[in-house]
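Enquirer: How does the following fold in three dimensions:
(chains A and B)
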Amino acid sequence: MPANQSFLLSLPLGGKILLGLMLGAALLVPLLNLLVPADSFFHVPTYLVSLMGKYVCYALLALSVDLVWGYCGILSLGHGAFFALGGYAMGMYMMRQIGARGVYGNPELPDFMVFLNWKELPLAWYGFDSFPFAMAMVVLVPGALAFAFGWFAFRSRVTGVYLSIITQAMTYALMLAFFRNDMGFGGNNGLTDFKDILGFDLQADGTRNTLFSLSALALAGGYLLCAMIVRSKLGRILEAIRDAESRVRFLGYQVHYYKLFVFTFSAMLAGVAGALYVPQVGIINPTEFTPGNSIEAVIWVAVGGRGTLYGAALGAALVNYAKSYFTGALPEVWLFMLGGLFVAVTLFLPKGITGLVNQLTSGTGRSPLRFLYAGKPS
Amino acid sequence: MSNIWGRILACGQGPGPSYWNSIHKMLKYFFILISLAFTPLNAFAQAADLPALVLQLADKSRAKQSEAIDALTASGDPVVLAPLEALLNGNLYTRKSDGTIWITTESATGFDLKHPLTGAEGGSAVSEEMTKANITNAIRTRLRGALGGMSLLGPDAKLRRQAADAIFKNAAPESIPLLESAIAKESDPAVLRRMQRALAAIHYNLSDDPQTRLKAIETLGGFTDQDVRALLNNVVARGAAGAGGEEVRAAAEKALAGVESRLEFWGLAESLFQGISLGSVLLLAAIGLAITFGVMGIINMAHGEMVMIGAYTTYMVQEIIRTSFPGMFDASLFIAIPAAFMVSGLVGVAIERGIIRFLYGRPLETLLATWGVSLILQQTVRSIFGPTNKEVGTPAWMSGALEFDSGLALTYNRLAIIIFSLMVLGLLVLVMRRTSLGLRMRAVTQNRAMANSMGIRTGTVDALTFGLGSGIAGIAGVALSQIDNVSPNLGQSYIVDSFMVVVFGGVGNLLGTFFGAMSLGLVNKFLEPYAGAVLGKIFILVALILFIQYRPRGMFALKGRAVEH
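Expert: Predicted structure coming up:
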């Protein structure tokens, strides 16, 4: 019952706030940026639009991590890889759009290939001059990788920390691979110097606002999709797998199919987040594959509160805002803060900020987290 | 007569292939002459009129100067080193009054004089009495080349060896007398072989006599290195041209086959050593993790930082020794090992008591919390020591290498690390199997509640076990400080690898960790020639991911009946 009103009404309060915020921001931010005069108090400067767009993309990534971790117990330390792959697909499209306007003026080859003295476009780049094809790849490439990876891992019942470690190895291997010039994805420098997307200038305010609005809508849409999944019968089984995998298996469910579905879907979502992220920051390079990035995405979810979906988005926004602030104001302190956050959240706030809020306001009303902790010793 | 030789020799002096070519052309005209004079050449050069040649060094004509330099060099007599060096340094002067030549050192009144060949004192002179022997840049270059060749006779074995190798590469015939006199005097067998190699190469290149060439090829076939292989390859490829024709080519082919099969063997030996060396590094990095992760089941993402702390402890120990007890530098690592064990171990105990003990039974949360700890430790070290690499010295007994004729060099620091990693492993196995602490550790990990009710303080044992694992990581840091950059990021580069080793080897099994580390190291090094370093590593990671699907609990899994842990 997708657009069903009762479904929307039944969402938890945090989810409604998130949806409202995103829809409101998608409309209001461009208005405040484009129509309100620059000296007004309500004016939103363009740099802020891009910054917020970046946070929204991170929130979408956090949402995808929460879907697998919070609801299915799969702690993926490799979601940054899916994010980066989506970003690379988008970056490749925009590289092809540069055409003859590059430094070397080659209409066919991106600058770095001319620099490497390559004569023709590698096979992997075919089709990326078409926008629909590139957009398909944004979800298909991360999806296919997640499917192949999950197919092997879940069927042979690799679970828990073992799975976490091999997802980390996966993103590490991809990082090494993308650092190589021979891979044909720009090596160290990655893809950058983008000019336009679908003919719109990337530097123009209008394009930036549109990209922000699209990101906000994607987050809202992603939230709705995830909420639908976790509230369906499928979602119930996913939660059961998280809490007692063997028992679900003994009850006759094919556990690995459920895991495979949710893992692949989540990877596609992460790919979309990456694709929206790249045009707004203007670069994609192999450092996005660093295992540290993926682990950071997990901490956003933990800070916000796992197993709530909207909490993940909140955590991503909060942690990244803090990161922007502290790396600017007190760069020495930031890693202490981030490290302390990891420790403090796991020790004192296992349910994250949303859990804390719910705890404080509970007593009356339904806590959306109650199922998480009921009867679970920890 | 002397002039003819001077001219011939002049053509080939100096480095570079263009000289080599010109001597080749030149030689065509003098081939017969040379082959006739082959043996007497040395004797002739020895008998050359050295004083006259030294006098000629100060000649105004550059051509005459060059002649003299070449003839002096060709004499192979070490006494000519002094005048040549003096000319290069601008200390060679002639006395205006009698035209004699002297090496000068500046004194308060003018110059002190020394005889260029005998070194005898020649009194002093004021500067007006003397004329300096001037040289041009071209002559300077020639002098440097000549002196380089002369270092064949010098006291430094390393320089002699370098000079012999340079001659081998140039294969210029005028080096023959020098080489022969050097060979007669050489005492170091390794350097002697290098000289013989160079001589054989020249004989092959120069000679028009099939027998000499065959003999030269035979001599060359006794060596095992890439240079000889390239040379022989060249001979075979050029075919039957030159003296000796088909016979020489066939001999070269046979020699080449021998060289190549021996090179293959040495290549294998080198890969093996490199693989074991990498394996021992992995073993050191992973062995502490085998305790914390393998035995206790704690995912310690800060493990790499324990290694890093160990490396920084080594740095601190060396700093203290440098400033306070400079004489003990060679022993610095032996002091650093217990120090690093204590520092990393104490940090480990603090982490276990402060954080991890609240998270037992929640492995994923432990993973996140320890990742946070790793960030804090990195930033702490960065704040204290700065973000740049720190210089950690290598004690004298660990520098240098065990070198083989084939160019295979086993560096002493790598050898030391291999032995050290095995010792650490052995010690750890003993602690786990033979001490009461080890017994209690195993009891707690096997059945915590039961161990507790038998009176074992499980909390203390947990802290000690984690401290032991961390301390061993610190010891690994001492070893890694010798081969890697000591920077706050040191630990990061080992964390993925160490987890892979432990998981591959089988969790909870120290022997499995050993086999895991060694097989990963060997596979990596044997893949490298085919796939390159990075691609090889990617291949191994993918293979490991697939391996874990096939055997989720590693190579040497502990057998049990539990559905899940």
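
Enquirer: residues in contact with B:Arg382?
Expert: A:335, B:488 (Cβ atoms under 8 Å, 6 or more residues apart in numbering or on different chains). Using the backbone N, CA and C atoms, a C-beta is placed for each residue, glycine as well.

Enquirer: Distance from the chain centre to stretch B:542-560, please.
Expert: When distances are taken as Cα atoms, centre = their mean, to the nearest Å, stretch B:542-560 is centred 37 Å away from the chain's centroid.

Enquirer: tell me the contacts of B:Leu284?
Expert: B:417, B:420-421, B:424, B:475-476, B:479-480.

Enquirer: Not counting sequence-adjacent ones, nearest residue to the residue in chain A that chain B sits nearest to?
Expert: Taking Cβ to the nearest Cβ, chain B has its nearest neighbour within chain A at A:Phe342, 2.4 Å off. Leaving aside its sequence neighbours, A:Phe342 sits nearest to B:Gly372 (Cβ to Cβ, 6 or more residues apart in numbering or on different chains; 2.4 Å).

Enquirer: Relative to A:Ile165, how far out is that neighbour?
Expert: Per Cβ to Cβ, to the nearest Å, B:Gly372 is found 18 Å from A:Ile165.

Enquirer: ok, now A:Met52?
Expert: 35 Å.

Enquirer: more neighbours, the two?
Expert: Taking neighbours as other Cβ atoms under 10 Å in any protein chain shown, A:Met52 and A:Ile165 compare with A:Ile165 leading, 24 against 19.

Enquirer: phi, psi of residue 116?
Expert: Going with chain A. phi -80, psi 0 (degrees, to the nearest 10).

Enquirer: You answered for a different chain; I wanted chain B.
Expert: Note on B:Pro116: backbone dihedrals following degrees, to the nearest 10 are phi -60, psi -30.

Enquirer: and the spatially closest residue to it that is not a sequence neighbour, what does it touch?
Expert: Spatially, and ignoring its direct neighbours in sequence, B:Pro116 is nearest to B:Pro83 (3.9 Å; Cβ to Cβ, 6+ apart). By Cβ under 8 Å, 6+ apart, the residues touching B:Pro83 are B:54, B:57, B:72, B:92, B:101, B:103, B:116-117.

Enquirer: Same check on B:Ile495?
Expert: Counting by Cβ under 8 Å, 6+ apart, B:Ile495 has contacts B:301, B:303-304, B:374.

Enquirer: circling back: among the contacts of B:Pro83, which one lies nearest to chain A?
Expert: Nearest to chain A among these, with distances taken as Cβ to the nearest Cβ, is B:Leu72, at 49.9 Å.

Enquirer: Confirm that that closest one sits in a helix.
Expert: Yes: assigned with DSSP: H, G, I helix; E, B strand; the rest coil, B:Leu72 falls within a helix.

Enquirer: Might you report the residue contacts of the residue nearest to it when sequence neighbours are not counted?
Expert: Nearest non-adjacent residue to B:Leu72, counting by Cβ to Cβ, 6+ apart: B:Val80, 4.3 Å away. Shown in contact with B:Val80 (Cβ under 8 Å, 6+ apart): B:50, B:53-54, B:72-73, B:117, B:150.

Enquirer: Within range of chain B, give me the residues from the stretch 51-200 of chain A.
Expert: By Cβ under 8 Å from any Cβ of the partner chain, the residues of the stretch 51-200 of chain A that approach chain B are A:75, A:149, A:152-153, A:155-162, A:164-166, A:168-170, A:172-173, A:176-177, A:179-180.
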